[in-house]
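Chemist: For reference, the sequence and a predicted model appear below.
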Amino acid sequence: MSGKKTLVCLGAIGIVSAIAYLSRRKTVLPNNEKAKELYESANNVKKAYGKLTKNVEKLKNELPNSQQTIDEIASLVSEYQFKIQNNLDKISQIQEKNMK
């Protein structure tokens, strides 16, 4: 597991553990608002972790396509550089003559 995944898992486990501890110790406020809020927070963390996992998988799947596009762009830039190199050389020669 990566470091971020580990931290998210530990956070979720901590929240769930806190809920379980508080419910066992009967230290939750009588109106149970805090317990509900804590439970909703734990669910939000769980959902966010699920979304993060899905997005990481999408990124892994798209990475090869991105690399192909990067390679194509690099090839086009090299081709363009090759095509204009003669013109750049002529410009450099003219500048050198004007400097003398």
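Modeler: Received it, and whenever you're ready, just let me know what you need.
Chemist: Which helix or strand contains the most centrally placed residue in the chain?
Modeler: Most central in the chain under CA atoms, centre = their mean is V56, positioned 7.5 Å from the mean C-alpha point. Assignment of secondary structure by DSSP states H and E places V56 within helix 33-99.
Chemist: ok, so what distance separates N44 from S17?
Modeler: The span separating N44 from S17 equals 16 Å under the rule CB to CB, to the nearest Å. Glycine gets a C-beta too; all of them are placed from N, C-alpha and C.
Chemist: sorry, that was for K58
Modeler: Here the distance between K58 and S17 works out to 31 Å (CB to CB).
Chemist: go on, L10?
Modeler: For L10, the distance to S17 under the criterion CB to CB works out to 10 Å.
Chemist: can you check A35 too?
Modeler: Shown here: A35 relative to S17, a distance of 14 Å by CB to CB.
Chemist: Between the two, tell me which one has more neighbours.
Modeler: A35 (16 against 11; other CB atoms under 10 Å).
Chemist: from memory that one sits against A18, does it?
Modeler: No. In this structure, A35 is not within contact of A18 by CB atoms under 8 Å, at 9.9 Å.
Chemist: For the chain, give me the ranges with low pLDDT.
Modeler: Applying pLDDT under 70 to the predicted model, the residue ranges of the chain that meet it are 1-4, 7, 24-31, 100.
Chemist: how about 50 then?
Modeler: Scanning the chain with the threshold set as pLDDT under 50 gives 28.
Chemist: Please report how far the residue nearest to the centre of the chain lies from G50.
Modeler: With distances defined as CB to CB, the gap from V56 to G50 amounts to 11 Å.
Chemist: Alpha carbons of stretch 40-48, as CSV, please.
Modeler: Listed next in CSV are the C-alpha coordinates belonging to stretch 40-48 (Å, rounded to 0.1, in the frame of the first residue of the first chain):
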residue,chain,number,x,y,z
GLU,A,40,-21.4,10.3,9.0
SER,A,41,-17.8,11.5,8.9
ALA,A,42,-16.6,7.9,9.0
ASN,A,43,-18.9,7.1,6.0
ASN,A,44,-17.6,10.2,4.2
VAL,A,45,-14.0,9.0,4.7
LYS,A,46,-14.9,5.6,3.5
LYS,A,47,-16.6,7.0,0.3
ALA,A,48,-13.7,9.3,-0.4
